[in-house]
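[1] Prediction below, plus the sequence it came from.
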Amino acid sequence: MKDWFADCKNLKEAQIEYRRLCFEHHPDHGGDTTIMQAINAAYREFKLQQLAPPSMLSKARSRWKRPPRQRPAETPPETPAPQTWPTHSRDYFRSIWRREPWQPLSNGGVSRTIWGHTILLFQHPAPRYQGAWFVMLDDVLSPFMYDSRAEAEQSAFDLVYDKVKHLDV
């Protein structure tokens, strides 16, 4: 293997020589890939030797070895149960959600009440936002606009489910 940076005394000279070698041997300039890889490896090694003394490098390399792989345990460790489990599953809540009908409003929106929470879906009043929907849950307006009523309904479902999933109703 050729020592590409044998004549270089410091990092600045090595950088100048590296750039010259790149223009000469880079594959984009008609050079060979394996030669360019050898130049890159030699330059990397030269920089390591210049930045840290060899004694430091050998200590660092011996100290930071990857630990040996351990075989997985035959039985997985027991995971502790969370402090609170949802008392109502999402599917159970979805069945209740589907049973309750939407009530039409005079402004073209719809509303419904589930487990004491009032949900309103209504369209944006400005003509330039025609088709945009808002969600209001318990008199709190969601900061997002939705492109369709289906997206607004899904968001309303998620908001209400997050509120009632831990309640014993």
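    Cool, the structure landed. Numbering: from 1, shown residues only.

[2] For the biggest helix by length in the chain, name the packing helices and strands.
    Under DSSP state H, the helix in the chain containing the largest number of residues is helix 33-51. Under the contact definition 3 or more CB pairs under 8 Å, 6 or more residues apart in numbering; DSSP states H and E, helix 33-51 sits against helix 11-25. Where you see a C-beta, it was placed from the backbone N, CA and C, and this is true even at glycine.

[3] residue ranges with poor pLDDT in the chain?
    Residues of the chain meeting the criterion pLDDT under 70: 1, 52-67, 72-88, 166-169.

[4] Could you rerun that using 90?
    By pLDDT under 90, the low-scoring segments of the chain are 1-12, 22-33, 41, 44-169.

[5] Show me where it has its helices.
    Under DSSP H, the chain gives helices at 11-25, 33-51, 54-63, 90-99, 149-164.

[6] Ranking those by mean neighbour count, which comes first?
    Sort the helices of the chain by mean neighbour count, taking mean count of other CB atoms under 10 Å, and helix 149-164 sits at the top with a mean of 17.

[7] Now do that helix against helix 90-99: the angle between them, please.
    120 degrees (axes from the mean of the first three to the mean of the last three CA atoms, to 10 degrees).

[8] Touching helix 149-164 from outside, list them.
    Helix 149-164 is contacted by residues 88, 90, 93-94, 97, 114-115, 117, 119, 121, 133-135, 137, 142, 144, 146 when judged by CB atoms under 8 Å, 6 or more residues apart in numbering.
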